[in-house]
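>>> Predicted model and sequence follow; I will ask about them next.
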Amino acid sequence: MKTSMYSNHLTRIAVALALYAPLHAWADDAPVEEVLVTAQRRVQNIMDVPLSVASYSPEQLEQQGIRDISDLSRLTPSLRFSRASGVSGNNGSDISIRGIASDVGSATTAIYIDDTPIQIRSIGYFGGNTYPLVFDLERIEVLRGPQGTLFGAGAEGGAVRFLTPTPDFEKSSLYARTEVASISHGDTTYEAGVAGGTPITDTLALRGSVWYRHDGGYIDRYDPTFTTRLEKDINDADNYSGKLALAWRPFEELTVTPSFYYQKVESGGRPQYWETQSDVDDQDYVTGIYNKEPSNDKFTLPALKVEYALASNVDLISNTSYFKRDRFQALDYTTFLSTLRSGNPFGTYGNKDPSNAVAAQTLEQRNFVQEVRLQSSSPDQRIDWSTGLFYSRAKQDSVNLSQSGRIPGVISSGFPQYLGRYNLFDDIGAVDKQYAGFASVDFKATSQLTATVGARVSRNEFEFDETRDGPTNSGVRTFNTAEQKNTSFTPKAGLQYRLDADNMLYGSISKGFRPGGAQAPVDPNFCAADLATLGLTNSPLDYDSDSLWSYEVGSKNRMLGGALSLDANLYYVKWKNIQQSIRLPTCSFAFISNLGEATGKGVDVSVTTKPIDALQLGASVGYNQTTYNDDIAGGNGVVLKQEGDRIGGPRWTGTVFGLGEAPLTATMSGYVRLDYSFQSDGIPPNPNDFGYDAGLTMLPATDSLSMRLGVKFSSFDVSLFANNLTGANEALSRSHDSTGSPLYYSQSYQPRTIGVTAQVRY
C-alpha cells in the first residue's frame with residue numbers, strides 16, 4: 001500500500017507548488033527573508049553561493065522541532081542518517097549526502113562543530129559518529145557535494161556544519177527554552193536550557209549555555225517468553241550540554257576567543273524492537289533482550305580562535321582545537337550466539353549461560369586540529385581569495401570484550417575463555433594524520449561573470465595496530481600492524497554568471513577523496529565457509545583510498561519582487577575504487593574491500609514563497625540514483641555486486657511546509673506550521689549478489705507529518721506541537737542475526753509525540 005501511495009509523490013508536490021502561481025499579486029509586499037551562510041568560509045547570502053546549501057536558523061530549528069541529527073536528516077532532502085539494527089549494527093550510524101554512502105572506512109561526510117571536524121573512522125566492530133545536540137546554535141549548514149578544497153578529505157560527499165553563537169561586544173542577549181511531551185506507548189520527554197551573552201567591558205564579551213533533556217523511551221523489555229514485562233521504556237536517554245566562550249578584543253583589529261564545549265548522552269538502551277513480537281500497527285514496540293544495553297557518549301571540545309585584520313579586506317584566522325570523546329556501549333549477544341551455534345535464536349548449546357552474553361565496547365577519540373588561513377573578500381575588489389594550512393591528528397582506540405555466552409570458566413570452542421569469561425578480546429588503535437595546504441580564488445571577470453579555481457593538497461598518514469586474544473582467536477594472542485600513506489589533490493573549478501541582481505547560474509567541477517586504511521581480520525575458523533566461497537582463507541588486512549568527480553549545474557533565483565526563491569541543481573558523479581563492506585552471510589561478520597566504480601545522478605530543488613506577510617510556503621525535493629557501473633567479482637567467480645545495483649538509500653526524499661502567522665491582539669500574534677517529509681522505498685536486494693538474504697526485503701517508503709501551533713507576545717513564544725502526527729511506523733532499518741533466523745530487529749520513527757514548548761529570546 002505504501003509503495004503505491006508514494007508513486008504519486010511528484011503529483012502531490014506539483015499540486016502544492018501550483019498554489020504559488022496566483023500569489024504574485026502580493027509579491028511586492030512580502031519578500032522572503034535573506035539567509036546568510038559561511039559555506040565558502042566568508043559571509044554570503046545563500047542565494048549568492050554557487051553550490052547547493054541548506055541552512056537552518058535558530059527560529060527554523062525551533063519551528064521545525066529539530067533536536068538532533070535524525071530530525072535534521074528527515075527535513076533535509078539528499079541528507080540521509082541511518083542506524084544499523086542487530087548485533088552487526090552495534091548501534092552504529094551512517095550519514096551520507098547525495099548517495100555517497102559507506103558505513104566503513106573513512107567518513108564520506110564531514111561533521112563540523114564550528115571549525116573542528118569530529119567525524120569518525122570506522123576501525124572495529126562498533127562505529128558511529130557523535131553529533132552536537134541542537135540547543136543555542138547560530139545555524140546549521142548542510143553543504144551538498146564534495147567540499148574537499150575547504151573542508152578536507154572527510155567531505156567526499158559533503159559536509160554538515162553546526163555553528164555556535166559567538167560573544168557579542170555590542171549588546172546582551174538571553175535565550176531560554178523548556179519543553180514537556182508525551183510519547184504514545186512511552187514515557188515523558190522534558191527539557192530545560194538557558195543561554196546568554198553580554199559585553200563585560202569594551203574589550204571583553206561572554207557567551208554561555210547549559211541544557212538538559214530527558215528523552216522518554218518507548219520500547220518495553222519482556223522476558224524472552226514474553227509472559228512478563230521486566231522494564232518499561234528502556235530506550236530513554238539523558239542529554240547534557242554546555243558551552244562557554246570568552247572574546248577578548250584588545251584593539252579593533254584583533255579578537256581572541258577561547259571556548260569550551262561539553263556534551264554527554266546516557267541511554268538505557270537502543271531504539272530497536274523485536275518485529276514479530278511488537279504491535280507495529282499500534283506503535284507498541286517491545287524487545288526480549290536478556291541483558292540490558294546501556295550506553296554513555298561524552299565529549300569535550302576546547303578551542304581557541306584568533307582573528308586579526310592584517311589590512312583592509314585581508315584577515316588572518318587561526319583555529320586550534322582538541323576534541324576528546326569517550327564512548328561505552330553494552331550489547332546483548334544472547335540470541336546472536338544462540339543463532340550461530342544452534343541455528344535458532346532461542347536454541348540451546350553446551351554450557352549456555354545468557355547472563356554471560358554481553359559485549360562491552362569502549363571507544364576513545366582524540367582529535368587535535370590546527371588551521372591557519374588568510375582570506376580577502378569585498379564587493380569592490382576584482383579578486384576574492386583564501387589560502388591556508390591545515391594539520392590534524394586523529395587518534396582512536398577501540399576495545400571490545402565479548403563474553404562467551406557459556407558458563408564462566410568452561411571451555412569455549414575448544415579453548416579456555418579469556419579471563420575466564422570472554423570469547424574475544426580485541427584492542428584496536430588507529431592514528432590518522434593530515435597535512436594540507438589549500439587555496440581558492442574567485443576572479444570577477446565582469447560584473448556578471450565570476451570564475452572560481454581552488455585546490456587542496458593533502459598528505460594523509462594512517463597507522464593501525466591490533467591486539468587479539470580469546471577462543472574466537474584460537475586461544476592465542478596475535479598482533480596486527482599496518483600503515484598507509486596517501487597524497488591527494490582535490491581541485492575545484494566553477495563559473496558563476498549573474499543574469500541580474502536576483503538571478504544567478506552556476507556550474508562546477510570538483511573532486512572528493514578519502515584515504516585508505518587497515519582493518520581487523522574476521523575469524524578465519526568461524527568464517528571459514530564464507531571465506532572459502534570467495535576463494536579466501538583470510539580476509540584482507542587493508543584497503544585502498546577511493547575518490548570521485550562531481551559535475552554540477554544550478555540556478556538560484558529571486559522572483560516576483562522577492563516573494564519567490566528558487567534553488568535548483570543537477571549533478572553527475574563518478575565514484576571509483578569504492579570502500580564498501582562485504583557481509584559474510586553465515587558467520588555474520590564483514591570486511592572492507594574496494595568495490596569498483598559507480599555513477600550517481602541527481603537533482604536538488606528548493607522553493608520558498610511568501611505571498612503575503614502572514615503566509616510562507618516551501619518545498620524541497622532531492623532525487624538520487626547511484627549505481628555500480630559493472631559486475632564486481634569476488635574469488636571463485638562469485639558476484640559481489642551486479643551492474644545496476646544501487647548505493648545510498650531511497651531515490652526520492654523531500655519535505656513540504658507551510659507557515660502562517662497573524663496578529664491576535666495589539667501585542668500578541670499566533671502561528672501554525674506544518675512539516676510533511678517523505679522518502680521513497682529503499683534499495684531492492686539482488687538475489688544474484690553474494691550474501692543475498694531473502695529475509696531482508698526492501699525497506700518501505702515512509703512519510704511523517706509534524707505540526708506546531710503557537711502564540712508570541714513580547715519576547716515569549718509558547719507552542720503546542722505534535723510530531724509524527726499520523727503515526728508512521730515503517731521500518732527505517734531491519735536485520736537479523738544470520739540468514740534464515742526468524743527473529744528480526746527493526747527501528748522506526750519515534751511514535752506520535754505531543755507536547756508544549758515555551759521559550760524566551762531577546
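Arrived safely, thanks for sending. Numbering: from 1, shown residues only.
>>> and the next element down the chain from the host helix or strand of residue 429?
Using DSSP states H and E, residue 429 sits within strand 422-444. As assigned by DSSP H and E, the chain's next helix or strand after strand 422-444 is strand 449-469.
>>> now that following strand against strand 422-444, angle please.
170 degrees (axes from the mean of the first three to the mean of the last three CA atoms, to 10 degrees).
>>> Restricting to C-alpha, output strand 449-469 in CSV.
Only the C-alpha atoms of strand 449-469 are listed here, as CSV (Å, rounded to 0.1, in the frame of the first residue of the first chain):
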residue,chain,number,x,y,z
LEU,A,449,30.8,36.6,-14.6
THR,A,450,33.0,35.1,-11.8
ALA,A,451,35.4,32.2,-12.3
THR,A,452,36.5,30.1,-9.3
VAL,A,453,39.5,27.8,-9.0
GLY,A,454,40.7,26.1,-5.9
ALA,A,455,42.7,23.1,-4.8
ARG,A,456,43.8,21.2,-1.7
VAL,A,457,46.9,19.1,-1.4
SER,A,458,46.8,16.7,1.5
ARG,A,459,49.3,14.2,2.9
ASN,A,460,47.4,11.5,4.7
GLU,A,461,49.2,9.1,7.0
PHE,A,462,47.4,6.2,8.7
GLU,A,463,48.8,3.8,11.4
PHE,A,464,46.9,0.7,12.6
ASP,A,465,47.7,-1.8,15.4
GLU,A,466,45.5,-4.5,16.9
THR,A,467,45.9,-7.0,19.7
ARG,A,468,43.6,-10.0,19.8
ASP,A,469,43.0,-12.9,22.2
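>>> what's it packed up against?
Counting contacts by 3 or more CB pairs under 8 Å, 6 or more residues apart in numbering; DSSP states H and E, strand 449-469 packs against helix 148-151, strand 422-444, strand 478-500, strand 517-518. Heads up, the C-betas are built off the backbone N, CA and C, glycines and all.
>>> is residue 512 in a bridge, and if so with what?
Residues in a beta bridge with residue 512, per DSSP bridges, are residue 548.
>>> re the thing from before, distance to residue 277 added to the helices and strands packed on strand 449-469, as TSV?
Formatted as TSV, the helices and strands packed on strand 449-469 follow (distance: least, CB to CB, whole Å):
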stretch	distance to residue 277
helix 148-151	44
strand 422-444	27
strand 478-500	40
strand 517-518	39
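>>> Identify whichever of those lies nearest to residue 267.
strand 422-444 (23.0 Å; CB to CB).
>>> Which secondary structure elements does the strand holding residue 429 sit against?
helix 148-151, strand 383-403, strand 449-469.
>>> Identify each buried residue in the second one, please.
Along strand 383-403, the positions that meet the burial threshold by neighbour count (16 or more other CB atoms under 10 Å) are 384-386, 388, 390, 392-394, 396-403.
>>> what does the shortest one give?
Of all the residues in helix 148-151, those buried under the rule 16+ other CB under 10 Å are 148, 149, 150, 151.
>>> what do you get for stretch 356-375?
The neighbour-count check on stretch 356-375 (16+ other CB under 10 Å) flags 356-359, 361-363, 365, 367-369, 371, 373-375 as buried.
>>> pLDDT weak spots in the protein?
Applying pLDDT under 70 to the chain picks out residues 1-33, 87-93, 125-127.
>>> what's near enough to touch the residue most central in space within it?
Nearest residue to the geometric centre of the chain (CA atoms, centre = their mean): residue 95, 3.6 Å. Residue 95 is in contact with 69, 73, 79, 80, 81, 109, 111, 129, 160, counting by CB atoms under 8 Å, 6 or more residues apart in numbering.
>>> would JSON lines of the buried residues of helix 148-151 with distance to residue 348 be doable?
Below are those laid out as JSON lines (distance: CB to CB, whole Å):
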{"residue": "148", "distance to residue 348": "53"}
{"residue": "149", "distance to residue 348": "58"}
{"residue": "150", "distance to residue 348": "58"}
{"residue": "151", "distance to residue 348": "53"}
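>>> just curious, which of the residues you listed is nearest to residue 310?
Comparing those against residue 310 with CB to CB places residue 150 closest, at 20.0 Å.
>>> Not counting its neighbours along the chain, what's nearest the closest one?
Nearest non-adjacent residue to residue 150, counting by CB to CB, 6 or more residues apart in numbering: residue 41, 5.7 Å away.
>>> List the contacts of stretch 654-668.
9, 12-13, 16, 63-64, 74-77, 613-622, 669-679, 711-714.
>>> scratch that, stretch 199-209 is what I was asking about
135-136, 165-172, 175, 193-198, 241-250.
>>> could you flag which of those residues are buried?
Looks like these have 135-136, 165-167, 169, 175, 193-198, 241-243, 245-249 buried, using 16+ other CB under 10 Å.
>>> do you know how far residue 542 is from residue 396?
Computed as CB to CB, to the nearest Å, the residue 542 to residue 396 distance reads 16 Å.
>>> hang on, the earlier thing: just tell me which of the helices and strands packed on strand 449-469 ends up closest to residue 286.
strand 422-444 (28.2 Å).
>>> Go through the closest one and flag the buried ones.
Neighbour-count burial for strand 422-444 [16+ other CB under 10 Å]: 422-434, 436, 438-440, 442, 444.
>>> Ignoring the adjacent residues along the chain, who's closest to residue 529?
That would be residue 586: by CB to CB, 6+ apart, it lies 5.6 Å from residue 529.
>>> Sticking with the one you found, tell me its helix or strand.
Under the criterion of DSSP H and E, residue 586 resides outside all helices and strands.
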